[in-house]
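have a look at this fold, sequence not included:
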Ligand SMILES: C=C(CC[C@@H](C)[C@H]1CC[C@H]2C3=CC[C@H]4[C@H](C)[C@@H](O)CC[C@]4(C)[C@H]3CC[C@]12C)C(C)C
Ligand SMILES: C[S@@+](CC[C@H](N)C(=O)[O-])C[C@H]1O[C@@H](n2cnc3c(N)ncnc32)[C@H](O)[C@@H]1O
């Protein structure tokens, strides 16, 4: 074979390998997103790196100041512009954890965790249900399909609204699922306009839990049920153990959290805004299977993804800054796994609340 033929063969082979690496290996484990589709939300290509730096600068501010509390929704919005595509690409359309279920896929475990909400809040055909912090709508579609209710989701991030609407249309569920862009700390919905409500791993972004719980209480009809899966530190967390503190701060920094709350504070907040607490339970406790195994099993895939985002950036197919965001998520995955293994953190402290029926009007 002469040199030209050799070079041509090598070029074809290289192109084939690149195609396989990017389009075949690079597709999401849950179909839909590919490495070539990483857009970084509504941030223009040239601003991704700046926005990432801006995101980190939030953690240099002193905690618990009114000024930083007010800035939280905008900072959370920036975070979701940076991570939404990577989440969809590497995790799927449901942005939450689930207890692992023996002999069942991650997809099944995710659906089981979401459908539990239907039973808890007794969502039924004809009901109007609120999804507080809906992401790109994975849970909303599962819950609407399972219950026959109409689900209205709210998210602070405009890009997620467009993704969620597009997924709803593709799933043929746009008649049952509605998505609005807004702040769950001051929602535009009428008082007493929902039969039920839920939030899955979303209210942890609120600087003051009472603010979002009070809003949910306001828009629920009397007698309506609300369930939340909360991110909290457990009773095993020791504030004087530097390793514990490092893990919890790592989780806060990598997940846009203004500060994790303790498990035993949640029910008090719910009661303070007027709810009756029906039941609360950490869904991560045995017999539930560990929620963090999916993160651990993904290590090889993370390496592949790192190579992919680096290649994409080199080829200018992905904006500068994506590699840093991916690196941040990789670090976060280690802190989350550590939080799960040590038991100092749970992303699924479940609290079920009821808005009391006003005795005067009953
Ligand atoms: C509820 C929240 C988000 C929870 C999870 C959906 C996400 C938390 C950490 C994320 C990830 C970490 C590692 C990424 C990996 C390096 C990359 O290659 C592919 C995507 C990841 C697996 C990514 C996926 C989503 C998470 C598991 C918070 C924000 C309140
Ligand atoms: C980790 S995601 C979970 C999404 C969804 N519940 C799921 O499980 O797929 C958190 C969601 O909360 C939303 N969120 C955070 N703060 C918000 C706020 N102040 N107002 C509205 N949505 C908010 C984010 O935009 C995001 O959609």
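Right, received. Where do you want to start? Predicted model, so just to flag it, every value in this text is computed and none were measured. Ligands and ions are numbered 1, 2, ... in the order given.

hey, let's count contacts and neighbours off CA atoms from now on
OK.

pull the distance from the longest helix belonging to the chain to the chain's centre.
Taking DSSP state H as the criterion, the chain has its longest helix at helix 66-90. Offset of helix 66-90 from its chain centre (C-alpha atoms, centre = their mean, to the nearest Å): 10 Å.

could you check whether that helix is close to ligand 2?
Yes. Helix 66-90 reaches ligand 2 (C-alpha under 6 Å from any ligand atom) through 73, 76.

helices and strands around that helix, which ones?
Applying 3 or more C-alpha pairs under 8 Å, 6 or more residues apart in numbering; DSSP states H and E, one finds that helix 66-90 contacts helix 48-57, helix 158-170, helix 322-342.

the residue in the stretch 151-300 of the chain positioned nearest to ligand 1 and residue 100, how far apart?
Closest contact between the stretch 151-300 of the chain and ligand 1, by C-alpha to the nearest ligand atom, is at residue 255 (4.1 Å). Taking C-alpha to C-alpha, to the nearest Å as the measure, residue 255 falls 21 Å from residue 100.

could you do residue 266 as well?
Residue 266 sits at a distance of 25 Å from residue 100 (criterion: C-alpha to C-alpha).

name the SS class of residue 240, please.
Following DSSP: H, G, I helix; E, B strand; the rest coil, residue 240 is assigned to coil.

cool, residue 125 as well?
coil.

nearest spatial neighbour of the residue of the stretch 151-300 of the chain closest to ligand 1, skipping sequence neighbours?
Nearest residue to residue 255, sequence neighbours excluded (C-alpha to C-alpha, 6 or more residues apart in numbering): residue 332, at 7.5 Å.

ok, how many other residues are close to residue 6?
Residue 6 has 11 neighbours, counted by other C-alpha atoms under 10 Å.

report the contact partners of residue 103.
Contact partners of residue 103, counting by C-alpha atoms under 8 Å, 6 or more residues apart in numbering, are absent.

out of the helices and strands packed on helix 66-90, which comes closest to residue 242?
Across those, residue 242 has its closest neighbour in helix 322-342 (13.2 Å, C-alpha to C-alpha).

low-confidence ranges, the stretch 251-362 of the chain, go.
359-362 (pLDDT under 70).

quick one, helices of it?
In the stretch 251-362 of the chain, the helices defined using DSSP state H, counting those that start in this stretch lie at 266-272, 293-297, 299-314, 322-342.

and the ones you listed, which is most packed in?
Of all the helices of the stretch 251-362 of the chain, helix 322-342 has the most neighbours on average by mean count of other C-alpha atoms under 10 Å, namely a mean of 19.

hmm, that helix touching ligand 2?
No. Applying C-alpha under 6 Å from any ligand atom, one finds helix 322-342 separated from ligand 2 by no less than 13.0 Å.

could you pull out the helices for the stretch 1-150 of the chain?
For the stretch 1-150 of the chain, the helices defined by DSSP H, counting those that start in this stretch occupy 3-19, 48-57, 66-90, 106-121, 138-147.

which residues does the last one contact?
To tie it back to what came earlier, the one meant is helix 138-147. Applying C-alpha under 8 Å, 6+ apart, the contact partners of helix 138-147 are 93-95, 111, 114-115, 117-118, 123-125, 131, 134, 149-151, 153, 168, 173, 176-177.

these, buried ones only, as a PyMOL selection?
A single PyMOL command selects the buried members of these (16 or more other C-alpha atoms under 10 Å):
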select buried, resi 93+94+95+111+114+115+117+118+123+124+131+134+149+150+151+153+168+173+176+177
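
restrict the contacts of helix 138-147 to those near ligand 1?
Applying C-alpha under 6 Å from any ligand atom, the subset of the contacts of helix 138-147 adjacent to ligand 1 comprises residue 95.

OK, contacts around residue 264?
Listed by C-alpha under 8 Å, 6+ apart, the contact set of residue 264 reads residue 234.

gap between it and ligand 2?
For residue 264, the distance to ligand 2 (C-alpha to the nearest ligand atom, to the nearest Å) stands at 22 Å.

backbone phi and psi for the residue most central in space within the chain, please?
With distances taken as C-alpha atoms, centre = their mean, the residue of the chain nearest its centroid is residue 95 (3.3 Å). With angles defined as degrees, to the nearest 10, residue 95 sits at phi -90, psi 60.

looks like it contacts residue 135 (just checking).
Yes. With contact defined as C-alpha atoms under 8 Å, residue 95 counts as touching residue 135 (6.8 Å).

quick check, pLDDT for residue 19.
Residue 19 is assigned 61 on the pLDDT scale.

an error on my part: the question was meant for residue 74.
With respect to pLDDT, residue 74 has a value of 88.

burial measure for it, as a count.
Residue 74 has 14 nearby residues by other C-alpha under 10 Å.

please tell me how far it sits from residue 83.
Look at residue 74 and residue 83: by C-alpha to C-alpha, they are 14 Å apart.

one more: residue 291?
Computed as C-alpha to C-alpha, the residue 291 to residue 83 distance reads 21 Å.

the two: which has the busier surroundings?
Comparing residue 291 with residue 83 by other C-alpha under 10 Å, the one with more neighbours is residue 291, at 25 against 20.
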